[in-house]
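In: take this sequence and fold it.
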Amino acid sequence: MGTTGRVVVGCVLLCAAVWSQEKPRELRGGGHVLGESAEQFFSTGSVGELVRACEARDWKTVKSLAKTAGSESKVNAKEICEKTVKVKEQATSGAHQEYVGSDKEMMRTDTFTLDGGYLVKIRMIYASPIADIEGFHPKTFEELFVGLRDAYGEPSKSYSESVVSAYGVRRDAHRAIWVGKENVISISEQPGENGRTEIVAETLAEYKREAQAPKTANPLH
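Out: Prediction:
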């Protein structure tokens, strides 16, 4: 599956640049670098390709990119472009915006959060189907965790939580977090029938902002 076949493409895992105590670590995910400007975000990779196709009114390319990203329904190229242009305009002006894409082959959904004109958060969710699906290459929690550990060393904290599925089955869900001077990486597992693994890379400021935000009450409690 080539670069032109995805709305969002990039690393299967967050990729690390060589870094030391003097050089902050560089976090990459979904083909983008945490902290890059909104202008750069919308001009590089498949996001940039989509923007350019919209500007050229190349509806065929827009539809191809959208369909490969996982849309099974009929694609309206003009609506996709209108939405993309709106998000770009607001994000580059400094507004808080999210851009969502996916890697169908890896069964991964990416959500990019931009705020203040910069990319402040990369959230990647990997589906973990119980059965093998031909043509798809999902990643397990173990594979993703090992990749992060090899890149960033041992986590600042790792633990497990007991979770109960809709069928009443209790399982251990693993968690880990790497806290740096400027950014935070976390990985969490949701085991079970609709299993998934979530990796989040975010700036330290965004991590603190979310931690201090009021929590929504659970209506089931």
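
In: low-confidence regions, the protein specifically.
Out: 1-24, 67-73, 103-106, 129-137, 165-167, 215-221 (pLDDT under 70).

In: show me where it has helices.
Out: 38-41, 45-55, 59-68, 77-92, 141-152, 204-212 (DSSP state H).

In: how about those in JSON lines, adding distance to residue 195 and mean neighbour count?
Out: (C-beta placed from N, C-alpha, C; glycine too.) Below are the helices of the chain laid out as JSON lines (distance: least, C-beta to C-beta, whole Å; neighbours: other C-beta atoms under 10 Å):
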{"stretch": "helix 38-41", "distance to residue 195": "30", "mean neighbour count": "20"}
{"stretch": "helix 45-55", "distance to residue 195": "27", "mean neighbour count": "19"}
{"stretch": "helix 59-68", "distance to residue 195": "24", "mean neighbour count": "18"}
{"stretch": "helix 77-92", "distance to residue 195": "30", "mean neighbour count": "16"}
{"stretch": "helix 141-152", "distance to residue 195": "8", "mean neighbour count": "17"}
{"stretch": "helix 204-212", "distance to residue 195": "24", "mean neighbour count": "14"}
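
In: which of those sits closest to residue 28?
Out: helix 141-152 (10.0 Å; C-beta to C-beta).

In: roughly how far is the closest one from the heart of the chain?
Out: From the chain centre to the centre of helix 141-152 is a distance of 16 Å (C-alpha atoms, centre = their mean, to the nearest Å).

In: and the helices of the chain as TSV, adding distance to residue 192?
Out: Shown next, in TSV, are the helices of the chain (distance: least, C-beta to C-beta, whole Å):
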stretch	distance to residue 192
helix 38-41	34
helix 45-55	31
helix 59-68	29
helix 77-92	33
helix 141-152	12
helix 204-212	25
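
In: among those helices, which is nearest residue 189?
Out: Closest among these, using C-beta to C-beta: helix 141-152, at 4.3 Å.

In: how long is stretch 64-78 end to end?
Out: Criterion C-alpha to C-alpha, to the nearest Å; first-to-last residue distance in stretch 64-78 is 13 Å.

In: so what's the residue count around the nearest residue to residue 115 once chain neighbours are set aside?
Out: The spatially closest residue to residue 115, leaving aside those adjacent along the chain, is residue 96, at 4.6 Å (C-beta to C-beta, 6 or more residues apart in numbering). Each residue near residue 96 was counted by other C-beta atoms under 10 Å, and the total is 11.

In: now residue 96: how far from residue 42?
Out: Separation of residue 96 from residue 42 (C-beta to C-beta, to the nearest Å) stands at 15 Å.

In: pretty sure the residue nearest to residue 115 is touching residue 112, no?
Out: No. The criterion here is C-beta atoms under 8 Å, and residue 96 misses it with residue 112 at 11.8 Å.

In: the helices of the chain: which one's closest to residue 101?
Out: Per C-beta to C-beta, nearest to residue 101 of these: helix 45-55, 7.2 Å.

In: how far is that closest one from where the chain is centred?
Out: Using C-alpha atoms, centre = their mean, the offset of helix 45-55 from its chain centre is 18 Å.

In: angle of that helix against helix 77-92?
Out: Going by axes from the mean of the first three to the mean of the last three C-alpha atoms, to 10 degrees, helix 45-55 is angled at 120 degrees with respect to helix 77-92.
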